[in-house]
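Novice: Predicted model and sequence follow; I will ask about them next.
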Amino acid sequence: MLPEKASIILEIQQALKKLDILNQREDWTDEDRMEFRMQLECVNRNYHYLELYLDSVKVSEDLQAEEVQEEVELAEELEQLEEEVVLEESTEENRAEMPEELEEEEKGLGLGARTPISERSFDDHSFANKMEQQSIPDLKQAIGLNERFFYANELFRGDGTEYSRAIEELNHLGSMEDAKRLIQTKYEERFKWDYESEAVSSFLSLLNRRYQKA
């Protein structure tokens with residue numbers, strides 16, 4: 001039988017709070033490492049309970065009504081989009097029939113051809129990629145609490161002290177080449193880093209952003 005939902009959430013909150021306290025410590029004892037692993041297991045276990053709980057909840061009539069309303073709204077949006085596409089095509093056809101002098105006049109007024117939707121989407125995507133590749137001035141500030149737990153557990157076998165020490169060293173290096181040499185010398189073999197894993201890949205991506213020119 002599953003625990004109560006409130007009990008599950010409370011245990012997750014308490015475990016996260018303990019993990020946060022442990023993460024603030026510079027030097028970890030063996031007891032701290034054991035406590036860290038126990039709290040991680042507690043979080044994972046209760047997240048699993050929460051997923052099972054949510055799966056077991058029956059859809060209420062109110063929720064069904066809400067889903068129906070969402071479908072109606074979606075249908076209306078699709079209908080409106082179709083009308084806009086038809087209008088767009090009609091406008092483009094009219095533009096193709098314009099006399100050349102009228103097109104020149106329109107250009108003189110600064111009214112160029114519209115950017116196609118596909119091109120706008122590509123430009124937006126390129127902008128998002130640029131934002132993701134912005135340089136990082138400080139690794140400590142760029143890595144959030146959940147990521148710190150993730151990297152410490154996956155790359156340093158749960159050793160928060162080693163993780164903090166590595167971040168401190170990497171933060172003060174001048175290039176990605178220096179970072180690679182440090183990793184190969186001190187961490188790669190010792191902690192058995194798998195360069196095809198998500199943890200190593202995302203960590204190296206952060207390092208690339210740390211050393212790239214702003």
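Specialist: Arrived safely, thanks for sending.
Novice: can you count the residues close to Ser37?
Specialist: Small correction: residue 37 is Arg, not Ser. 13 (other Cβ atoms under 10 Å). In this view, the C-beta of every residue, glycine as well, is placed from N, C-alpha and C.
Novice: Tell me who's in contact with Pro3.
Specialist: 11, 49 (Cβ atoms under 8 Å, 6 or more residues apart in numbering).
Novice: The same query, at a cut-off of 10 Å, please.
Specialist: Applying Cβ atoms under 10 Å, 6 or more residues apart in numbering to Pro3 gives the contacts 9-11, 46, 49-50, 53.
Novice: Including secondary structure, pLDDT and distance to Glu26, could these go into a markdown table?
Specialist: Listed next are the contacts of Pro3 as a markdown table, based on DSSP: H, G, I helix; E, B strand; the rest coil; pLDDT from 0 to 100; distance: Cβ to Cβ, whole Å:
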| residue | secondary structure | pLDDT | distance to Glu26 |
| --- | --- | --- | --- |
| Ile9 | helix | 84 | 31 |
| Leu10 | helix | 83 | 29 |
| Glu11 | helix | 81 | 27 |
| Asn46 | helix | 76 | 28 |
| Tyr49 | helix | 73 | 33 |
| Leu50 | helix | 71 | 33 |
| Tyr53 | helix | 70 | 38 |
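Novice: Of those residues, which is the nearest to Asp27?
Specialist: Glu11 (27.6 Å; Cβ to Cβ).
Novice: The closest one and Glu177: what is the separation?
Specialist: Glu11 sits 45 Å away from Glu177, going by Cβ to Cβ, to the nearest Å.
Novice: Between those two, which is the more surrounded one?
Specialist: Between Glu11 and Glu177, counted using other Cβ under 10 Å, the more crowded position is Glu11 (17 against 10).
Novice: I'd say that one and Tyr49 touch.
Specialist: Yes: counting by Cβ atoms under 10 Å, Glu11 does reach Tyr49; the two are 8.7 Å apart.
Novice: Which element, helix or strand, includes Cys42?
Specialist: helix 30-56 (DSSP states H and E).
Novice: likewise Phe149?
Specialist: helix 145-155.
Novice: I'd guessed Val43 sits against Leu16; true?
Specialist: Yes: Val43 is within contact range of Leu16, at 6.5 Å (criterion: Cβ under 10 Å).
Novice: okay, and the common contacts of these two?
Specialist: Counting by Cβ under 10 Å, 6+ apart, the residues touching both Val43 and Leu16 are Phe149.
Novice: which of these two has more neighbours?
Specialist: Using other Cβ under 10 Å as the criterion, Val43 and Leu16 rank with Val43 on top: 19 against 16.
Novice: which residue packs closest to that one, ignoring adjacent ones?
Specialist: Distances taken as Cβ to Cβ, 6 or more residues apart in numbering put Ala15 closest to Val43, at 4.8 Å, once the chain neighbours are dropped.
Novice: Phi first, then psi, for that neighbour.
Specialist: Here is the backbone geometry of Ala15 (degrees, to the nearest 10): phi -70, psi -40.
Novice: Could you measure from it over to Val200?
Specialist: In terms of Cβ to Cβ, Ala15 sits 26 Å off from Val200.
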